[in-house]
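# Prediction below, plus the sequence it came from.
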Amino acid sequence: MTQALSIDSLRFNWPGQQAPLLRIEALTLTQGDSLFVQGASGSGKSTLLNLMAGVLVPQAGEIRLLDQPISRQRGKARDRFRADHIGYIFQQFNLLPYLSVQGNVMLPARLSRLRRQRALDQHQTLESAAAHWLSRLNIPESLWSRPVSALSVGQQQRVASARALIGSPELVIADEPTSALDQDNVDNFMKVLTEQCRSIGSSLVFVSHDRHLAAWFDQHLTLDAARNAEVAS
Ligand SMILES: Nc1ncnc2c1ncn2[C@@H]1O[C@H](COP(=O)(O)OP(=O)(O)OP(=O)(O)O)[C@@H](O)[C@H]1O
């Protein structure tokens, strides 16, 4: 069976750090399963996501996505692989203010030929693919042509999720996406995001310092800067 993600003997430190910030001996995530990464501020959660996405390169060890060694790919090949296979939900959403809600959601399908083709195979046009995901994420149609700045924080978070899901990437990575939401919105958001990832067979890697969210996930990884990383379960 394809592994969405595997990590082997990973070591990473930022310049000037004596001991590795991250030390992960072994971790595998089967395609379709979900992983919750928790840890205190400064424990290396965002650093680990950047390693998984191939934005950072480890000093030692290997990270494989879909059985490809992203940690050893270089330049354009790595950028293309990331655009094709990873949907990323940023903590601050990173929506483009000069694009409409629908324009933001279509963006990954404009940047990746593979995701464009998958979206077109399923929905005929990119507009209807974006409409599909916006409906699934409970964004009313009256908002689809509005600028993203006209939306509430919770709505923007769901637009960012629709953008991550368009073109059905194999891996969705979410960096503290609930930190700006109140408790009711957190529960709704977790339900919708995990259901939608499951509906397209995507693996979800989700970072949060809120350990109450762990119950939504198949696997858990706890980062502890003092003792490096540990697989909790
Ligand atoms: N660009 C950088 N250059 C040098 N050191 C960095 C850099 N980014 C992060 N670090 C170091 O790595 C440590 C881990 O940072 P990281 O952002 O990965 O933690 P985090 O667990 O995501 O924290 P938070 O929950 O506060 O977002 C930080 O304490 C910092 O010292």
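The structure has been received and is ready for your questions.
# And the residue sitting nearest the centre point of the chain, how far from residue 91?
Geometric centre of the chain, nearest residue: residue 173, 1.2 Å, by C-alpha atoms, centre = their mean. Taking C-beta to C-beta, to the nearest Å as the measure, residue 173 falls 11 Å from residue 91. Backbone N, C-alpha and C define where each C-beta goes, glycine included.
# what does the chain have sitting close to the ligand?
Residues of the chain that fall close to the ligand, judged by C-beta under 6 Å from any ligand atom: 14, 21, 39, 41, 42, 43, 44, 45, 46, 47, 209.
# How about the secondary structure of the fifth one?
In other words, residue 42. Assigned with DSSP: H, G, I helix; E, B strand; the rest coil, residue 42 falls in the coil class.
# what about it, neighbour count?
For residue 42, the number of neighbouring residues by other C-beta atoms under 10 Å comes to 11.
# quick one: it and residue 223, what's the gap?
Taken as C-beta to C-beta, the span from residue 42 to residue 223 is 10 Å.
# The last one now?
Here the criterion is C-beta to C-beta. By it, residue 209 lies 10 Å from residue 223.
# Ignoring the adjacent residues along the chain, who's closest to residue 45?
Closest residue in space to residue 45, ignoring its immediate chain neighbours: residue 207 at 4.5 Å, by C-beta to C-beta, 6 or more residues apart in numbering.
# swap in residue 88?
The shortest distance from residue 88 to any non-neighbouring residue, by C-beta to C-beta, 6+ apart, is to residue 173 (5.1 Å).
# right, and the one you found touches residue 51 too?
No: using C-beta atoms under 8 Å as the test, residue 173 is too far from residue 51 to be in contact (11.0 Å).
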